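>>> next comes the sequence, and after it the predicted model I'd like to discuss.
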Amino acid sequence: MGFIVPNRQHRKCSQQFPGPGRKQQPKAPYAPDNNYMSSLAATATSVIAPPAVVLPPARSLERRAVAATLHCLSVDVEEYFQCEVFAGAIPRSDWTRLERRARPALELIAELLARHRCRATFFVLGWLVERLAPLLRELRAAGHEIACHGYAHEHLARLSPRDLAEDLRRARSVIEDVLGLRPRGYRAPTFSVTRRTAWALDVIAAAGFHYDSSIFPVRHDRYGVPDAPLLPFRVVAPGGARLLEFPPLTLDAGLLRLPLGGGGYLRLLPEALFHRALQHRQRRGQPTMLYLHPWELDPDQPTPAIGRLSRWRHRVNLEKTAGKLERLLERFTFDTAANVLQCVVQQGALPEFTLAADVTTSK
Ligand SMILES: [Zn+2]
């Protein structure tokens, strides 16, 4: 194992959310250049926390909102063997006999979040909910958001609308039964809401989700809607359903869009690029979505036989993820997707983007 988190430290993640009082101040002074944050502070006490969370004192909460609550850190809770890259190498029937390794990585993430007084959104795979129930309950008790990553981690391009509806029903059912909550947010495996799978948005909305975080506004071989907005927007599905959409961090670099987002990009690209991007957005009052997976903090995980490029993409810099995450948490404050979106919505109308279906593309 790459790390062991002692129980003594792990217990901290279920303690009262400590508020920002002793959080290390960002190294760069925070200087908003619009009135987004001042109006955010006025509404912070009413919108930041879900009722089940033990709140810090109102004054601290307000200061926290003013300091920074625009950034969302999300974790796609899945085992390494459930990654899309292994879909052809590891049959689903093997999942139950393989060693599960996500728990210590999640405990480490929870410990880092508690140490730096940040909250995150955990998009949990239904298959893992029953197997990680105590830890997920602790995460919720610590103020983190539990959202949905589907049940069986199927790329949406392999599903029919009826298959997806059943996958979502099963995932919601296990989350409600085991954790006693109704998830508000959904993220498709491998960001697989594209023009080809645009129908999925109608199914996701019909399943009862309020927001989605499955559209990556880039061009990529496995996912992406290259012309989607870079900041949160209302997405209109082909059948007319509307959802809030929170896309992962992407930079507009002239003719190109550079995906930062998290995951392999966070492991591969220079750390300073992420810090500059978050600072840039923070100054403009623009929200940011980052993501990672527990297996990205597990450099000792086994790697099944796959192609050389895929292996490299999956394994590059796994040993650096924890350090990069900790330095982001030191410098910036993160909150849940639900909280950040609620603040954004209260600031006024969001742009609308219609995801027209296109069955001729390869994605
Ligand atoms: Zn996933």
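Nice, I can see it.

>>> quick one: mean pLDDT for stretch 80-89?
In this model, stretch 80-89 has an average pLDDT of 88.

>>> show me which residues of it are buried.
Neighbour-count burial for stretch 80-89, counted by 16 or more other C-beta atoms under 10 Å, picks out 80-87. (Each C-beta comes from the backbone N, C-alpha and C, glycine too.)

>>> compute the first-to-last residue distance for that stretch.
Start to finish, the residues bounding stretch 80-89 are 12 Å apart (C-alpha to C-alpha, to the nearest Å).

>>> now do stretch 247-257
Separation of the first and last residues of stretch 247-257 by C-alpha to C-alpha is 13 Å.

>>> ok, which stretches of the stretch 201-350 of the chain are strands?
Assignment of strands within the stretch 201-350 of the chain using DSSP state E, counting those that start in this stretch yields the ranges 211-212, 233-236, 242-245, 250-253, 256-259, 288-292, 334-335.

>>> quick one on the thing from earlier: out of the buried residues of stretch 80-89, which comes closest to residue 351?
Distances from the buried residues of stretch 80-89 to residue 351 were compared by C-beta to C-beta; the smallest belongs to residue 84, at 29.6 Å.

>>> which non-adjacent residue is nearest that closest one?
Nearest in space to residue 84, with sequence neighbours left out and distances taken as C-beta to C-beta, 6 or more residues apart in numbering, is residue 190 at 4.5 Å.

>>> wait, that neighbour touches residue 86, no?
No: using C-beta atoms under 8 Å, residue 190 and residue 86 do not qualify as a contacting pair, with a distance of 11.8 Å.

>>> what's opposite the residue nearest the centre of the chain in the beta bridge?
Using C-alpha atoms, centre = their mean, the residue of the chain that lies closest to the mean C-alpha position is residue 74, 2.5 Å off. In this structure, residue 74 has beta-bridge partners residue 121, residue 291, where bridges are defined by DSSP bridges.

>>> does it touch residue 289 like I think?
Yes: with contact taken as C-beta under 8 Å, residue 74 and residue 289 are classed as touching, separated by 6.4 Å.

>>> so how far is the ion from residue 172?
Counting by C-beta to the ion, to the nearest Å, the separation of residue 172 from the ion is 17 Å.

>>> who does the host helix or strand of that residue touch, helix- and strand-wise?
Here residue 172 sits within helix 161-179, counting by DSSP states H and E. Contacts defined by 3 or more C-beta pairs under 8 Å, 6 or more residues apart in numbering; DSSP states H and E place helix 161-179 against helix 126-129, helix 133-141, strand 145-148, helix 199-206.

>>> now with 10 Å?
Using 3 or more C-beta pairs under 10 Å, 6 or more residues apart in numbering; DSSP states H and E as the contact test, the elements touching helix 161-179 are strand 121-124, helix 126-129, helix 133-141, strand 145-148, strand 185-186, helix 199-206.

>>> which one, of the ones you listed, ends up nearest to the ion?
Closest approach to the ion among the helices and strands packed on helix 161-179 is made by strand 121-124 (7.6 Å; C-beta to the ion).

>>> follow-up on the earlier one: the residue nearest to the centre of the chain reaches residue 146, doesn't it?
No: checked against C-beta atoms under 10 Å, the pair residue 74 and residue 146 is beyond contact range at 11.4 Å.

>>> now do the shared contacts for the two.
Taking C-beta atoms under 10 Å, 6 or more residues apart in numbering as the contact definition, residue 74 and residue 146 share the neighbouring residues 121-123, 185, 336.

>>> much appreciated, bye for now.
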